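**Q** Build the 3D model from these lines:
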Amino acid sequence: MFSKVAHNVWKQSLFFMLVAGTPLLLNAPVYARGITVNQVHTEVLDDVLYLNAAVDIKPGKAMLGALQEGVPLTFVYHISILRRRDYWPDETVARLEQRYRLEYHALTQQYFLVNLNSGSQFSFPSLEAAISVLGTIVKLPLLDVNLLRSREQYSGQIQVGIDDEALPVPLRLLSYFSSDWHLKSDWYTWPIHF
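**A** Just a heads-up that it's a prediction; the model follows:
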């Protein structure tokens with residue numbers, strides 16, 4: 001008799017813990033891989049349109065493992081300037097690809113971030129620092145605002161992702177079929193004022 005009562009109390013306690021603990025489980029932080037464009041704005045200085053952006057980059061475990069083994073990862077910022085049109089698709093006024101290569105050198109235990117457009121290179125003691133800089137764009141020149149018509153409306157679009165074609169061939173093939181290697185943000189659109 002006692003064991004049956006104890007068993008019922010145990011079942012009720014377990015049910016209460018599960019029901020009461022569910023909100024805690026739902027609010028628990030979860031490591032999610034992916035790229036999210038959080039904030040973008042442009043500014044005009046000396047007739048040049050500059051881009052500022054904050055991007056959250058979280059590579060998956062497979063990518064981090066490959067990076068630790070010496071495989072460089074190339075990230076591409078696809079940027080477009082569009083002229084809005086009412087009855088036709090928006091016209092692309094300018095396109096830019098900003099490319100960065102992230103590398104790990106085991107001998108020095110340093111992470112290197114190379115701007116493939118300019119050739120500049122920076123070293124970092126931690127992956128977090130390198131990814132933080134990779135996700136921060138400050139005053140990237142886009143175009144001369146004199147190329148834009150003053151009475152037209154313009155918007156910008158940005159997408160950030162891994163360049164699959166820059167991976168070594170075995171990983172490139174794997175990237176076509178594995179979601180672990182498919183790392184790309186959604187397109188982020190913002191209005192351009194000048």
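
**Q** What strands line up against the host helix or strand of residue 40, and which way round?
**A** Taking DSSP states H and E as the definition, residue 40 sits inside strand 34-45. Neighbouring strands of strand 34-45 in its sheet, by DSSP bridges, are strand 48-58 (antiparallel).

**Q** What is the neighbour count of residue 111?
**A** Using other Cβ atoms under 10 Å as the criterion, residue 111 is surrounded by 22 other residues. C-beta: built from backbone N, CA, C; applies to glycine.

**Q** Spatially central, which residue of this structure would that be?
**A** Here the mean C-alpha position of the chain is nearest to the C-alpha of residue 35 (Cα atoms, centre = their mean), at a distance of 2.7 Å.

**Q** doesn't residue 56 make contact with that one?
**A** Yes - counting by Cβ atoms under 8 Å, a contact exists between residue 35 and residue 56, whose distance comes to 6.9 Å.

**Q** Could you name the helices and strands sitting against the lengthiest strand in the chain?
**A** Criterion DSSP state E: the longest strand present in the chain is strand 91-105. Applying 3 or more Cβ pairs under 8 Å, 6 or more residues apart in numbering; DSSP states H and E, we find strand 91-105 packed against helix 61-68, strand 73-83, strand 110-115, helix 127-134, strand 136-144.

**Q** residues contacting residue 42?
**A** Remark: with contacts taken as Cβ atoms under 8 Å, 6 or more residues apart in numbering, residue 42 is in contact with 49-52, 142, 156, 190, 192-194.

**Q** pLDDT at it, what is it?
**A** With respect to pLDDT, residue 42 scores 96.

**Q** what bridges to it?
**A** According to DSSP bridges, residue 51 are recorded as the beta-bridge partners of residue 42.

**Q** and what of residue 92?
**A** Each beta-bridge partner of residue 92 is listed here, defined by DSSP bridges: residue 82.

**Q** Work out for me the element residue 176 sits within.
**A** helix 169-177.

**Q** Provide the contact partners of that helix at residue level.
**A** Outside helix 169-177, the residues that touch it by Cβ under 8 Å, 6+ apart are 66, 71, 162, 164-165, 167, 181-182.

**Q** Thanks again, I'm all set now.
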